[in-house]
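In: test case, fold it:
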Amino acid sequence: MTIDIGRFSRHFAWLAGVVLIAGSAAGPAEASLGGTQASVETDRLQVGATLRVLSSAAYSVHELQTPSGTVVREFVSPAGIVFGVAWQGPSMPDLRQILGTYFDRYVEAGAARKARGPVAIEQPGLVVQSAGHPRAFVGRAYIPEALPQGVTADAIR
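Out: Next comes the predicted model:
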């Protein structure tokens, strides 16, 4: 058995780069799915986004628009808990940040998938749907059990 050292080195360098990028993108995940409304400002500051808040009796939507044009909406219940997030734009948001403690579950479920293309993960306690291509990404994630009374998953978009 022979080992192509050049190929091995390129693969190792690529893998090290992926690990480095993933580690550097993993900032604080405070205003994330399941987190509190009070920390939405942390997300806004971290990505340099503008913030617009839309309120209704059932929930409020904290809409963050990044300088690159990606919009992230965080859906907050009257109790102050982020029960859903949605995104759309030319680049993917930092899913580690917006999924927070649910990110590991998302990664595990994604690793079990055999197919490429749109992501559709439906588990007890977590739903994630994501699709797109460069310059056109869209997705949403929510906690079904945390939806406020009278609010359906269709509201998270």
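
In: so which bits of stretch 48-67 are buried?
Out: Neighbour-count burial for stretch 48-67, counted by 16 or more other C-beta atoms under 10 Å, picks out 49, 59, 60, 61, 62, 63, 64, 65, 66. Every C-beta, even on glycine, is put in place using the N, C-alpha and C of the backbone.

In: got the contact list for stretch 83-90?
Out: Stretch 83-90 is contacted from outside by 32-34, 59, 66, 68-77, 93, 98-99, 134-143, 146-148, 153, 155-157, using C-beta atoms under 8 Å, 6 or more residues apart in numbering.

In: in strands only, show me these.
Out: Using DSSP state E, 71-76, 136-142 are the members of these that sit in strands.

In: mind picking the two most distant members of those?
Out: Farthest-apart pair in the ones in strands among the contacts of stretch 83-90 is 76 and 136; separation 26.7 Å (C-beta to C-beta).

In: any idea how far the spatially most central residue of the chain is from residue 130?
Out: By C-alpha atoms, centre = their mean, the chain has its centre lying nearest to residue 95, at 3.1 Å. Using C-beta to C-beta, to the nearest Å, residue 95 is found at 8 Å from residue 130.

In: just to revisit the earlier point, which one is the residue nearest to the centre of the chain nearest to, not counting chain neighbours?
Out: residue 103 (6.3 Å; C-beta to C-beta, 6 or more residues apart in numbering).

In: what's around the one you found, how many residues?
Out: Neighbours of residue 103 under the rule other C-beta atoms under 10 Å: 20.

In: assign it to helix, strand or coil.
Out: helix (DSSP: H, G, I helix; E, B strand; the rest coil).

In: quick one: pLDDT of it?
Out: You'll see residue 103 listed with a pLDDT of 96.

In: thought residue 94 was touching it, still the case?
Out: No. Counting by C-beta atoms under 8 Å, residue 94 is not a contact partner of residue 103; they are 9.6 Å apart.

In: re the thing from before, quick one, which of the contacts of stretch 83-90 are buried?
Out: 32-34, 59, 66, 70-77, 93, 98-99, 137-143, 146-148, 155-156.

In: ok, what's across the strand from residue 132?
Out: residue 137 (DSSP bridges).

In: spit out the contact partners of it.
Out: Going by C-beta under 8 Å, 6+ apart, residue 132 touches 92, 138, 139.

In: just the residues you listed now: which is nearest residue 114?
Out: residue 139 (19.8 Å).
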